[in-house]
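Enquirer: Whatever this is, show me its structure:
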Amino acid sequence: MTFTSITFFAFVLLTLILYYAMPKKIRWVILLLASVVFYSLCSLKYIAFIVFTALSTYLCAGWIDSISRKTKLKVKAKKAEWSREEKKAFKDKATTKKRLIIALVLVVNFGILFVLKYYNFLSGSLATLLNSIGLNVSFPTLGLLLPLGISFYTFQTMGYIIDVYREKTPAETNFFKFFLFVSFFPQIVQGPISVYDDLAPQLYEGHKLEYKNIKYGFELIIWGLFKKMVIADRLVGPMNTILHDKSKFGGEFILLAVLIYSIQLYMDFSGGIDVARGVAQMLGINLTENFKRPYFSKTIGEYWRRWHISLGAWMKNYVFYPITMSKGFLKLGQKTKKSLGRNIGKALPGSIATFIVFMLIGIWHGANWKYVGFGLWNGLILFISNLFQAPIASLSAKLKIRTKSFSFRIIQMIRTFIIVLIGYYFDIADSFKDALVMIKRSVTDLHLGNWTEPKCFENIGFTAFDGYILAFSLLVVFVFSLYQEKKQIQVRDFLEDQSIWFQWAVLLIGLMSVIIFGVYGPGTSASEFVYMQF
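Expert: Predicted structure coming up:
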């Protein structure tokens, strides 16, 4: 039931028919049934995990919300009788109880994610370390696959209960409605990670059938399939040819594999998100945008504000802010302002928190030391850039560098892309050490002239036909992206201003492009979406 299969779109069509055929009040039930069926078809063996996470979060959120409401009522009722100290003592007691509850649900659910995703990796690493010092130790391994979407639904539910604890949102009283929020089928595969207040009201509201929603959704789906099937899947074969036998290829081919990966990953991940958002749009539901043309970024910080936006927002709200606003970090800022100056003292706590966030993002991506390297690289670059942002800005002003000029912005984009590209070595390498070897070979064993050899691309399974299709397809994506970047509007808004015939002609061309030039069927190497593994 992948997003590129006929089965999936037949499922979506059936869901749409049933959804709009039912009375508005119970349309959310159709979405719930569709989500349960979808998850069961994809991951029935592990459905107990998502049910447990939903149920434990639902019960504990209700408990926390109940304590908050009762505390307010009690304090209000005793307003005239209690002193300020008595009110504070009563509130502190309630807060302590809520902290214990939320700590329990966070530890249990993140613990499940940790055990399923990281136990084998950590136990194996520990055994290797102990064996290296002469201790013959081994640990049992878990023979479990990851439940579908476990990282996404765990982060989404934990964000919800933190918001309930912070009293930003009331607890949902209907478990089945809450389970719909947790398991909504278009986003369960690879996100985006949604906030309860943004998504839940849309899920529970019975949307009416609107031509505009169907058309907009169809446009997003076609665009996502075009990026995934015409571009991303066409690049998987050549990239894997290099990576599966790196010793046969020189450094220029290692660099080529990373460049291919940069395109393949973006087209794959953003394409899948577009399909998810398109299906939701047809149901009248707007999922959050997860990408905003990240390769146009001028700094690595801007890149991460444009790439996997929902994960970055989650980390900012539930990790970065709590760390920077903690007593220890506030004291650190005060001390460093006195000893290191105002600029460094102001930037240091945030820089350290950013570094911690990106170490967590690296670990989130997978159970391997190479992902720790990925997080370490991005975190270190952001740590340095945040720490020295003010001094560099001051130096640029003194040197009278025209930082807003077109040429300078292009240089910034190229610099940022190179930094991102180095991080990708850790993504595609077999290990942390392998990533370092690949980076070294890309510099010391580089013969770019080989790229001009007639058989260069044929040797990695890349035909002239593939080249023409990719060149044209990437040009289309670039032109559309440039238009969006300059106008700050969606291409579909441009299409909306055109005649109905032009709109559907564009959609038909897009559909035919996917059907004719997409990678699928017998004898092809169409791949699963990269982020399905999370």
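
Enquirer: How is this protein partitioned into domains?
Expert: By the assignment in automatic domain parsing, the chain contains the domains 6-209, 211-291+451-534, 298-428.

Enquirer: for the second one, the distance to its chain's centre please.
Expert: What that stands for is domain 211-291+451-534. Its chain's C-alpha centre lies 17 Å from the corresponding centre of domain 211-291+451-534 when counted by Cα atoms, centre = their mean, to the nearest Å.

Enquirer: what's the longest helix in this protein?
Expert: Determined from DSSP state H, the single longest helix within the chain is helix 84-132.

Enquirer: before we move on, the earlier item: can I get the domains of the chain in JSON lines including mean neighbour count?
Expert: Every residue, glycine included, has its C-beta placed from N, CA and C. Below are these laid out as JSON lines (neighbours: other Cβ atoms under 10 Å):
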{"stretch": "domain 6-209", "mean neighbour count": "17"}
{"stretch": "domain 211-291+451-534", "mean neighbour count": "17"}
{"stretch": "domain 298-428", "mean neighbour count": "17"}
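
Enquirer: Take the ones you listed and write them to TSV, including mean pLDDT and distance to residue 437.
Expert: Listed next are the domains of the chain as TSV, based on pLDDT from 0 to 100; distance: least, Cβ to Cβ, whole Å:
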stretch	mean pLDDT	distance to residue 437
domain 6-209	92	19
domain 211-291+451-534	88	9
domain 298-428	89	9
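
Enquirer: Between these, which one is closest to residue 441.
Expert: Residue 441 lies closest, by Cβ to Cβ, to one member of those: domain 211-291+451-534, at 4.2 Å.

Enquirer: would you turn the domains of the chain into TSV with distance to residue 444?
Expert: Shown next, in TSV, are those (distance: least, Cβ to Cβ, whole Å):
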stretch	distance to residue 444
domain 6-209	29
domain 211-291+451-534	7
domain 298-428	14
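
Enquirer: Which stretch among these approaches residue 443 most closely?
Expert: domain 211-291+451-534 (7.0 Å).

Enquirer: Pull the residues that contact the very next helix or strand once past the longest helix of the chain.
Expert: Sequence order places helix 150-165 as the next helix or strand after helix 84-132, per DSSP states H and E. For helix 150-165, contacts defined as Cβ atoms under 8 Å, 6 or more residues apart in numbering pick out 49-50, 53-54, 57, 60-61, 64-65, 98, 102, 105-106, 109-110, 112-113, 116-117, 169-171, 181-183, 187-188, 190-191, 193-197, 311, 314, 317-318, 364, 534.

Enquirer: Equivalent analysis for stretch 505-523, please.
Expert: 4, 218-219, 222-223, 225-226, 229-230, 233-234, 236, 469, 473, 495, 525-526.

Enquirer: Let's see it as PDB, backbone CA atoms only.
Expert: These are the backbone C-alpha positions of stretch 505-523, laid out as PDB (Å, rounded to 0.1, in the frame of the first residue of the first chain):
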ATOM      1  CA  ALA A 505      -4.200  20.600 -19.700                       C
ATOM      2  CA  VAL A 506      -1.300  21.200 -17.300                       C
ATOM      3  CA  LEU A 507      -2.700  18.500 -15.000                       C
ATOM      4  CA  LEU A 508      -3.100  16.100 -17.900                       C
ATOM      5  CA  ILE A 509       0.400  16.700 -19.100                       C
ATOM      6  CA  GLY A 510       1.700  16.100 -15.500                       C
ATOM      7  CA  LEU A 511      -0.300  12.800 -15.200                       C
ATOM      8  CA  MET A 512       0.900  11.600 -18.600                       C
ATOM      9  CA  SER A 513       4.500  12.400 -17.700                       C
ATOM     10  CA  VAL A 514       4.200  10.200 -14.600                       C
ATOM     11  CA  ILE A 515       2.500   7.400 -16.600                       C
ATOM     12  CA  ILE A 516       5.000   7.500 -19.500                       C
ATOM     13  CA  PHE A 517       8.300   8.500 -17.800                       C
ATOM     14  CA  GLY A 518       7.800   7.300 -14.300                       C
ATOM     15  CA  VAL A 519       9.800   4.400 -12.900                       C
ATOM     16  CA  TYR A 520       7.500   1.500 -12.100                       C
ATOM     17  CA  GLY A 521       6.400  -1.900 -13.300                       C
ATOM     18  CA  PRO A 522       8.300  -5.100 -14.100                       C
ATOM     19  CA  GLY A 523      12.000  -4.800 -14.600                       C
END
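
Enquirer: Give me the distance between the nearest residue to residue 20 once chain neighbours are set aside and residue 33.
Expert: Nearest non-adjacent residue to residue 20, counting by Cβ to Cβ, 6 or more residues apart in numbering: residue 209, 4.6 Å away. Residue 209 is 19 Å from residue 33, where distance means Cβ to Cβ, to the nearest Å.

Enquirer: And for residue 321?
Expert: Residue 321 is 37 Å from residue 33, by Cβ to Cβ.

Enquirer: likewise residue 172?
Expert: Residue 172 sits at a distance of 18 Å from residue 33 (criterion: Cβ to Cβ).

Enquirer: now residue 363
Expert: 35 Å.

Enquirer: that older thread, in strands, which of the contacts of helix 150-165 appear?
Expert: Among the contacts of helix 150-165, DSSP state E puts none in strands.

Enquirer: From the residues you listed, which land in helices?
Expert: Under the assignment DSSP H, those contribute 49-50, 53-54, 57, 60-61, 64-65, 98, 102, 105-106, 109-110, 112-113, 116-117, 181-183, 187-188, 196-197, 311, 314, 364 to helices.

Enquirer: mind listing what the nearest residue to residue 4 once chain neighbours are set aside touches?
Expert: Once flanking residues are discounted, residue 4 sits nearest to residue 229: 5.9 Å by Cβ to Cβ, 6+ apart. Taking Cβ under 8 Å, 6+ apart as the contact definition, residue 229 lies against 4, 271, 514, 518, 519, 520, 526.

Enquirer: Now with 10 Å, please.
Expert: Contacts for residue 229 (Cβ atoms under 10 Å, 6 or more residues apart in numbering) come out as 3-4, 267-268, 271, 513-515, 517-520, 524, 526.

Enquirer: wait, which of these is closest to residue 333?
Expert: Checking these against residue 333 with Cβ to Cβ, the nearest one is residue 268 at 40.4 Å.

Enquirer: what's the spatially most central residue of the chain in contact with, if anything?
Expert: Nearest to the mean C-alpha position of the chain, by Cα atoms, centre = their mean, lies residue 308 at 3.9 Å. Residue 308 makes contact with 190-193, 269-270, 273, 290-291, 294, 314-315, 361, 531, according to Cβ under 10 Å, 6+ apart.

Enquirer: distance of it from residue 440?
Expert: As judged by Cβ to Cβ, residue 308 and residue 440 stand 28 Å apart.

Enquirer: same deal with residue 510?
Expert: 42 Å.

Enquirer: Same check on residue 162?
Expert: From residue 162 to residue 440 the distance is 43 Å (Cβ to Cβ).

Enquirer: Please apply the same query to residue 276.
Expert: 39 Å.

Enquirer: same check, this time on residue 65
Expert: 55 Å.

Enquirer: try residue 349
Expert: 35 Å.

Enquirer: cool, residue 253 as well?
Expert: Counting by Cβ to Cβ, the gap between residue 253 and residue 440 amounts to 14 Å.

Enquirer: List the contacts of stretch 17-28.
Expert: Counting contacts by Cβ under 10 Å, 6+ apart, the residues outside stretch 17-28 that touch it are 29-34, 174, 176-177, 180-181, 200, 202-210, 214, 282-284.

Enquirer: Which of those fall within helices?
Expert: Short answer: these in helices (DSSP H) are 29-34, 176-177, 180-181, 200, 202-204, 214, 282.

Enquirer: sorry, back to before: among the domains of the chain, which comes closest to residue 436?
Expert: domain 298-428 (8.1 Å).

Enquirer: For the closest one, what is the distance to the chain centroid?
Expert: 17 Å.
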